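[1] Here is the input, now give the coordinates:
(one chain, ligands or ions: 1)
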Amino acid sequence: MRFLIPFLLATPVMADMQVPVQRSAGFAPFAAAPVAMDAWQAQFRARALAEGIPAAIFDEAFRNVRYESSTREADANQAEFVRPIWDYLDDAVSNSRVNTGRTKAAELSDTLAALERRYRVDGHVLIAIWGMESAFGGFKGNTNVISALANAAHDGRRQAFAEAELIAALKIIASGQINADQMVGGWSGAMGHTQFMPSTYLRYAEDYNGDGRRDIWGDNPRDALASTANYLRQLGWDYRAPWGVEVRVPNGFDYSLIGEYQTQTARFWNSQGVRTVDGGQVPNHGATALIAPAGANGPIFAVFPNFQVIRKYNMSVSYSLAVGHLSDRIIGAGPFAASWPRGSEQLKRSEIREIQERLNAMGLDTAGVDGMIGPASIEAIQAFQQSIGMLPDGMPSRALLEALRRR
Ligand SMILES: [Ca+2]
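    Numbers count the residues shown, from 1 in each chain. Prediction:
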């Protein structure tokens, strides 16, 4: 969701979009489309045709397009308060979702076993992604995908990305997989049971039941689950390896070792006294990092290469943790052993941006000032914390902000 900066950069060109469109009598009752949108559509139509999309397919698909200002407003209204990870996980891995996941895994056990044999991807992870993406098919989105992407493309926020996805969507329609008016999904253009973007569909969608259609949209989830298995396999899924495991660190542990990109061997972590929460050794599944999403006062996890595979599916650490934990819970595991620091103060996005600005001014690179904490911001925070003798857990806090202001 790093759309805020492109949106701000696009602001100067909005001035010419205030001109009302000339509308003839009998024009379809769409939201008023400023001239710039017509101009964008005409120019994009030429590009699509040049890339081999038949004119009749394009024109039919764009009959469904309704230009709206809501996507822009959604970006402009991006929440000032950052949602704590424990609130996110409470919803993402609710008891009801765990129970439904167990029911679905039982219902589809033959399919999941076949998918495991064919793709070497763990079935309960597929069920967890399905639960996260569409509540097990219960909510796949009802926005016309062509319309959603055209809205994202025409106003310049994510034009290159959205136009590439539109071309992919038109190719899917041109290939006869689905009609334009049935191609529905989320506002971002993600479609079907596991919310594939059109370009992902073109690369990875599978026809599991052999009926000639790669149907990720319909009631039967099997093509979508096979497509997701194929995608995870191509991203490098390590079959039967976990995503990660909750760990404990000993007193006196060097917290500067924590960080998603600071991978080490299991042997190294074990030599540092890191143990799973039931006292076992950190298992060896290759390059392993420790993450502490809420800092030293919350749960700490050893994450394995499969965690990075889920990260490629959706860039968010919270999402990957939710998929991993939900899959474990569906198998039968319990909640995390350590508790989250519920009730601790959450900084506003503007305060996190200030932290990033101040770290950058010191030469500590946060890879952007976006109000969101990613791996680069965590490393920069850790470096600053260490330089002033704070526990280097990478957690943005009021005390950290005040220490930065005092410099
Ligand atoms: Ca099929």
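[2] what's near enough to touch the residue nearest the centre of the chain?
    Using C-alpha atoms, centre = their mean, the residue of the chain that lies closest to the mean C-alpha position is residue 314, 2.8 Å off. Residues near residue 314 by C-beta atoms under 8 Å, 6 or more residues apart in numbering: residue 320. Any C-beta I mention is one placed from the backbone N, CA and C, and that applies to glycine too.
[3] For it, give its distance to residue 266.
    Per C-beta to C-beta, to the nearest Å, residue 314 is found 26 Å from residue 266.
[4] residues of stretch 316-328 that come out buried?
    316-328 (16 or more other C-beta atoms under 10 Å).
[5] what's the distance between the residue in the stretch 51-200 of the chain that the ion sits nearest to and residue 125?
    With C-beta to the ion, the shortest gap between the stretch 51-200 of the chain and the ion falls at residue 177, namely 9.6 Å. Applying C-beta to C-beta, the value for residue 177 to residue 125 is 26 Å.
[6] Next: residue 244.
    Using C-beta to C-beta, one obtains 12 Å as the distance from residue 244 to residue 125.
[7] between those two, what contacts are shared?
    residue 324.
[8] quick one on the thing from earlier: quick one: which of residue 177 and residue 125 has more around it?
    Per other C-beta atoms under 10 Å, whichever of residue 177 and residue 125 has more neighbours is residue 125, with 26 against 20.
[9] Make sure that one is indeed in a strand.
    No: assigned with DSSP: H, G, I helix; E, B strand; the rest coil, residue 125 falls outside any strand and is helix.
[10] The helix or strand where residue 311 lies: which residues count as buried?
    For residue 311, the host element (DSSP states H and E) is helix 305-313. By 16+ other C-beta under 10 Å, the buried positions in helix 305-313 come out as 305-311, 313.
[11] Quick check: which of those are also close to the ion?
    Residues of these in contact with the ion (C-beta under 5 Å from the ion): none.
[12] Adding pLDDT, write these out as a markdown table.
    Below are these laid out as a markdown table (pLDDT from 0 to 100):
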| residue | pLDDT |
| --- | --- |
| 305 | 97 |
| 306 | 98 |
| 307 | 97 |
| 308 | 96 |
| 309 | 96 |
| 310 | 96 |
| 311 | 92 |
| 313 | 84 |
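[13] Just give me the closest of those to residue 150.
    Taking C-beta to C-beta as the measure, residue 313 is the one of the buried residues of helix 305-313 closest to residue 150, at 24.9 Å.
[14] That closest one reaches residue 234, doesn't it?
    No: taking contacts as C-beta atoms under 8 Å, residue 313 lies outside contact range of residue 234: 11.2 Å.
[15] Contacts (any at all) between the ion and the one helix or strand residue 203 maps to?
    Residue 203 belongs to helix 198-204 when assigned by DSSP H and E. No: between helix 198-204 and the ion, judged by C-beta under 5 Å from the ion, nothing touches; the nearest distance is 12.8 Å.
[16] Can you tell me how far the closest residue to the ion within the stretch 251-400 of the chain is from residue 208?
    Of all residues in the stretch 251-400 of the chain, the one sitting closest to the ion is residue 313 (21.5 Å; C-beta to the ion). Distance of residue 313 to residue 208, computed by C-beta to C-beta: 19 Å.
[17] How about residue 84?
    Counting by C-beta to C-beta - residue 84 and residue 208 are separated by 38 Å.
[18] the more surrounded of these two?
    Under the criterion of other C-beta under 10 Å, the comparison of residue 84 against residue 208 puts residue 208 first, with 22 against 19.
[19] looking at this, the more buried one is in a helix?
    No: counting by three-state DSSP, residue 208 is located in no helix; its state is coil.
[20] Pretty sure it sits against residue 221.
    No: the criterion here is C-beta under 8 Å, and residue 208 misses it with residue 221 at 9.5 Å.
[21] Ramachandran angles for residue 324?
    Per-residue torsions, residue 324: phi -60, psi -50 (degrees, to the nearest 10).
[22] who's in contact with the closest residue in space to it that isn't next to it in sequence?
    Counting by C-beta to C-beta, 6 or more residues apart in numbering, residue 243 is the residue found nearest to residue 324 once chain neighbours are left out, at 3.4 Å. Counting by C-beta under 8 Å, 6+ apart, residue 243 touches 125, 303-304, 306-307, 310, 320, 323-324, 327.
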